[in-house]
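>>> Make a model of this:
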Amino acid sequence: MLRISSAALAAALTLLPQAAFAAELDGASLSPLWALPFAGILLSIALFPLLAPHFWEHHQGKIAAFWGLLVLVPMAALLGPMTAIQALAHTALLEYIPFILLLLALFTVAGGILVRGNLHGSPGTNTMLLAIGTVLASFIGTTGASMVMIRPVLRANDDRRHNVHVVVFFIFLVSNIGGSLTPLGDPPLFLGFLRGVEFFWTTTHLLPETLFVSGILLVLFFIVDTVIYKREGHVKPDPTPDNPVRVTGGINFLLIFIIIAAILMSATADLGRVMVLGSEVELANALRDLIMVAVTIISLKLTPKANRAENGFSWGPINEVAKLFAGIFIAIIPVLAMLKAGADGAFAPLVALVTNPDGSANNAAYFWLTGGLSSFLDNAPTYLVFFELAGGNPQVLMTTGAMTLTAISAGAVFMGANSYIGNAPNFMVYAIAREGGVKMPSFFGYLLWSGGILVPIFLVTTLLFFRA
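Residues are numbered from 1 along each chain as shown. This is a model prediction of the structure:
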């Protein structure tokens, strides 16, 4: 059998003509059947953890690979091997690798920040802790902020007779809505950044909606917690008595600033570009990705191991995300091509749903459709779907289409809080709280909480911000 080294093959493919993948994969001519693998992997992520958790835990990588191959193999057979190779290279080099490396860096850095000590979980203290976590989420990500803050919040309330509501509001605010102000906050927004949305665009355009929703939730939480606190009377013996709060792992705060600086550098510096497997890779972006790797290594080397041990840090969550998103990014390739085709593609009915009779964007529909799918499917690919549905041009979406992009961004981030599976940190917080003795509501019990609290707030948000 003829053997060709991978290095020689890569070198040869790099020298091939720079055929644009989008031009070869005509979304208008693709059958809706190409979307089935994407639907399959999202439904697998949503249903397997509930229906077959043991099987999912041991085979999630194989399931993700199955759906990915269900796109690549037919693509290679029907459209040519080079089309499949270039599609895979484009997705890996320009989207998947930067996406995973940022998550890895933030996950590692956040895992090295340890909050020791304990406070008494009064309504005022709890509201302050939730507010701090909400702000922190936009700088170290919703996953990072959730992992840093959940244990201090649980310790503060471990003598309370009723503390379920504290964790539920924590998921609403820290694990979701707080991550809406920078691309660091939530994966959908970083995907938007990779597509060309400016770093601080989300800060300026989502600030009013974020302040409104988070402000209402914090005030509502304070009222609910005050009522419950007064009714409780005598609390249980405190297993973790109050003692001064100390934050260790300070080097990781410096590393967060390095991450932000690297992202801003990649958005502003022009260091040239190279062609790799038909995809144009900007050297500034490659440097940014190398910095993410360096930050991860530095955090592991300089952070005391005790910090990660006390935080319950493990590589399991990021390993799971890496495997699942590899399948997602591959499965979404033909879907994005069909969405680019707009009214000429297989998703013409979806285009009609988000378009007013006069041809303008229906921002309320974008908010609720993006949010509705983000409630039960992963919010990152859902964001990409509607980003492309809105035209996929970042310069247009940041200017004349600013309200549409705001609606898409807010829907993806805010409504990830509607269920345990809407955003990755939700289920992690749920598991940690249950392990800590909190009697968390079931999947459907949580839906009653979110339906009764979040949905009315989102309806008001629609009337105030997305009606036009």
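>>> low pLDDT regions in the stretch 301-450 of the chain?
The stretch 301-450 of the chain contains residues with pLDDT under 70 at 377.
>>> what are the ranges of the helices in it?
305-310, 316-331, 333-340, 348-353, 363-374, 379-389, 394-397, 402-414, 424-435, 443-465 (DSSP state H, counting those that start in this stretch).
>>> now, of those helices, which is deepest in the fold?
Of the helices of the stretch 301-450 of the chain, the one with the most neighbours on average (mean count of other CB atoms under 10 Å) is helix 402-414, at a mean of 27. Placement of C-beta: from N, CA and C, glycine included.
>>> Run through the neighbouring helices and strands of that helix.
helix 187-194, helix 201-232, helix 363-374, helix 379-389, helix 443-465 (3 or more CB pairs under 8 Å, 6 or more residues apart in numbering; DSSP states H and E).
>>> Among the ones you listed, which comes closest to residue 325?
Closest to residue 325 of the helices and strands packed on helix 402-414, according to CB to CB: helix 379-389, at 7.4 Å.
>>> angle of that closest one against helix 187-194?
40 degrees (axes from the mean of the first three to the mean of the last three CA atoms, to 10 degrees).
>>> Using JSON lines, lay out the helices of the stretch 301-450 of the chain together with distance to residue 277.
Shown next, in JSON lines, are the helices of the stretch 301-450 of the chain (distance: least, CB to CB, whole Å):
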{"stretch": "helix 305-310", "distance to residue 277": "37"}
{"stretch": "helix 316-331", "distance to residue 277": "15"}
{"stretch": "helix 333-340", "distance to residue 277": "14"}
{"stretch": "helix 348-353", "distance to residue 277": "31"}
{"stretch": "helix 363-374", "distance to residue 277": "31"}
{"stretch": "helix 379-389", "distance to residue 277": "21"}
{"stretch": "helix 394-397", "distance to residue 277": "24"}
{"stretch": "helix 402-414", "distance to residue 277": "30"}
{"stretch": "helix 424-435", "distance to residue 277": "30"}
{"stretch": "helix 443-465", "distance to residue 277": "42"}
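>>> and of the ones you listed, who's closest to residue 226?
The nearest among the helices of the stretch 301-450 of the chain, by CB to CB, is helix 443-465 at 16.1 Å.
>>> Would you check that residue 307 makes contact with residue 248?
Yes. Counting by CB atoms under 8 Å, residue 248 is a contact partner of residue 307 at 6.0 Å.
>>> okay, and the common contacts of the two?
Shared contacts of residue 307 and residue 248 (CB atoms under 8 Å, 6 or more residues apart in numbering): 113, 114.
>>> returning to that earlier point: can you tell which of the helices of the stretch 301-450 of the chain is closest to residue 86?
Minimum separation from residue 86 across the helices of the stretch 301-450 of the chain (CB to CB) falls at helix 333-340, 10.5 Å.
>>> circling back: make a markdown table out of the helices and strands packed on helix 402-414 and add distance to residue 317.
Output for the helices and strands packed on helix 402-414, formatted as a markdown table (distance: least, CB to CB, whole Å):
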| stretch | distance to residue 317 |
| --- | --- |
| helix 187-194 | 13 |
| helix 201-232 | 24 |
| helix 363-374 | 19 |
| helix 379-389 | 15 |
| helix 443-465 | 19 |
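>>> Quick check: which of these is nearest to residue 120?
Short answer: helix 201-232, nearest of the helices and strands packed on helix 402-414 by CB to CB, at 10.6 Å.
>>> Would you mind identifying the next helix or strand past the closest one?
Using DSSP states H and E, the next helix or strand after helix 201-232 towards the C-terminus is strand 243-248.
>>> how about that next one: buried residues?
residue 248 (16 or more other CB atoms under 10 Å).
>>> Residue 181 - nearest residue in space that isn't next to it in sequence?
The shortest distance from residue 181 to any non-neighbouring residue, by CB to CB, 6 or more residues apart in numbering, is to residue 138 (4.0 Å).
>>> Understood, closing this out.
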